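Peer 1: Got a predicted structure here, sequence first:
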Amino acid sequence: MGPEVGGAHAPLQWGITAVAFVAHLLVAARALTRANRTPASRAAWVAVVMLAPVVGMVAYLLLGETSIGRARFRRVEQALRRMGAAAAAMAPAAPVAVADSAVPLLELARTINGLPAVGGNRVTLLGDADSPADAPEADCRRALDALVADIEQARESVHIAFYIWLDDGAGGRVADALAAAARRGVACRVMVDALGSRAFIEGSRWKQLGQAGVKRLKTLDDINRLQHMAFSRMDLRDHRKIAVIDNRIAYSGSQNCADPEFRVKSAYAPWIDLLLRCEGPVVAQIQFLFLSGWIPETGETGLDGYAAAAAPAWHDGGCVAAAFETGPIARHNAMADMFVACIYAARRELVITTPYFVPDESILRAICAAPRRGVRTALVLPRRNDSWLVGQASRSTYADLLQCGVEVHEYPLGLLHAKSMTIDGQISLVGSANIDRRSLELNFENSLLVADAGVTAALRRRQEKYLSVSARVTPEQVGGWSFATRLVQNAVAMMSPVL
């Protein structure tokens, strides 16, 4: 009887095995042939799928693609087409004068979203120029205080997008100011990431905003639902940090709406950030970036031309700037191309700060080449990272960077979350994007490119604060790492295209 039962089940077992084998090959083939993927990413995914078939297939189905869904993609495309005419109206009335090295960078930025470089802007780095280097959280507090003050003066509209909004001191003050603005008739719209701001959405503040009349949006709230999981990526995030008040003032940078103590990850506090306050024509561009996220998700009508509705204030002697946005719907490699172009534009000095440094090959090679071209190159990273995997992958690059002459500094006073790049004291790139795969391929990010010596000088002073308390990493330190340490670092880095 036993052999007969086994024989009866044999065809079923063979059928299941054959289906699993074919599925395994199809997933591996998809990982190998998907468009817009680097060779390193292909190799990493194929290795995972082939060496760990079941786990690898499931991982690829959940994390291997960057699709935001066909329906969402169509909505975004349609909204951008409608907004395109308004974007054309934001073109500068006259040519802008900038340093020669900035011209190709501004042109590259224009090709991402179609927004040209505009002059006549007043861009201010928020914080206190005289605050001590060992108390950087004071700069972060003052930045959000400025945002609250502007919201309190709003008369027409307040549009805010944050990846993380916490119900703490700073987050509560912003929420209270926004609710008060809505109650006095200001059109207030809030866009927060459904995962990053989950606790805020589930708390009383979110309800408070709704009761006050604030229009609210939880972005990518459906991305982890079953119908989106297969051949999508369940952890796509809206990482933007934007505020626009009355079509007249805009905020852009790396700062979330939270206290520097950042209680959800207080072990790494304080979180040190940069926030820029902008006035002038570039405000319309930042407004465009906000609406490009808001309109496709809400379907709200009447806003297509709102970014260009108000005549932007022109500030004589103001700076030239361009805002742009990258993410799953942008041109492939747009953010990586911008990082690489900025690095190669440097002729004398390049200073980079970022919390998450897991560069792709093009960025790493560009940074390593900079000192060999005679460019003083400094990279400032946090000593303790809230992501163990990122910390290991970052340190795997140290030996290569140091050998090429890059100065690597580790910041010890908290999580240096500021994302900045200054070039030759003339050009600055600030925004929400990190130098890691999440920002290069997965997240919606906003950035501001500024071609101005004054703005860049302010950012360099802030960067010098970070450098003054940081420890410079030496070749001897890296050479002293154990074999086990290097093995872990390099293994994590090798799999970084998958993470």
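Peer 2: In hand now; what should we look at? Numbering: from 1, shown residues only.
Peer 1: what's the following helix or strand after the host helix or strand of Arg189?
Peer 2: Assigned by DSSP states H and E, Arg189 falls within strand 187-193. As assigned by DSSP H and E, the chain's next helix or strand after strand 187-193 is helix 198-202.
Peer 1: Name the SS class of the most centrally placed residue in the chain, please.
Peer 2: Centroid check for the chain by Cα atoms, centre = their mean gives Ala433 as the closest residue, at 2.8 Å. Three-state call for Ala433 (DSSP: H, G, I helix; E, B strand; the rest coil): coil.
Peer 1: which ones are touching it?
Peer 2: 239, 326, 335, 419, 439-440, 443, 445, 447 (Cβ atoms under 8 Å, 6 or more residues apart in numbering). Using the backbone N, CA and C atoms, a C-beta is placed for each residue, glycine as well.
Peer 1: what about it, distance to Asn247?
Peer 2: 25 Å (Cβ to Cβ, to the nearest Å).
Peer 1: what's the answer for Ala47, then?
Peer 2: Distance from Ala47 to Asn247, by Cβ to Cβ: 50 Å.
Peer 1: Which helix or strand lies directly C-terminal to the helix ranked longest in the chain?
Peer 2: Counting residues, the longest helix found in the chain (DSSP state H) is helix 2-33. Per DSSP H and E, the first helix or strand lying C-terminal to helix 2-33 is helix 39-51.
Peer 1: Now do the helix or strand following that following helix: which elements does it pack against?
Peer 2: Sequence order places helix 53-63 as the next helix or strand after helix 39-51, per DSSP H and E. On a contact count with 3 or more Cβ pairs under 8 Å, 6 or more residues apart in numbering; DSSP states H and E, helix 53-63 meets helix 2-33, helix 39-51.
Peer 1: So which of these is the most surrounded?
Peer 2: helix 39-51 (a mean of 17; mean count of other Cβ atoms under 10 Å).
Peer 1: So which other helices or strands are in contact with that helix?
Peer 2: Using 3+ Cβ pairs under 8 Å, 6+ apart, helix 39-51 is in contact with helix 2-33, helix 53-63.
Peer 1: Redo those as TSV? Include mean pLDDT and distance to Arg461.
Peer 2: As requested, the helices and strands packed on helix 39-51 are exported to TSV (pLDDT from 0 to 100; distance: least, Cβ to Cβ, whole Å):
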stretch	mean pLDDT	distance to Arg461
helix 2-33	70	46
helix 53-63	72	40
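Peer 1: Now those helices in CSV, please, with extra columns for distance to Ala175.
Peer 2: Below are the helices and strands packed on helix 39-51 laid out as CSV (distance: least, Cβ to Cβ, whole Å):
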stretch, distance to Ala175
helix 2-33, 43
helix 53-63, 33
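Peer 1: helices and strands of the chain: which one bottoms out on pLDDT?
Peer 2: Every helix and strand of the chain was ranked by mean pLDDT, DSSP states H and E. The lowest is helix 226-229, at a mean of 43.
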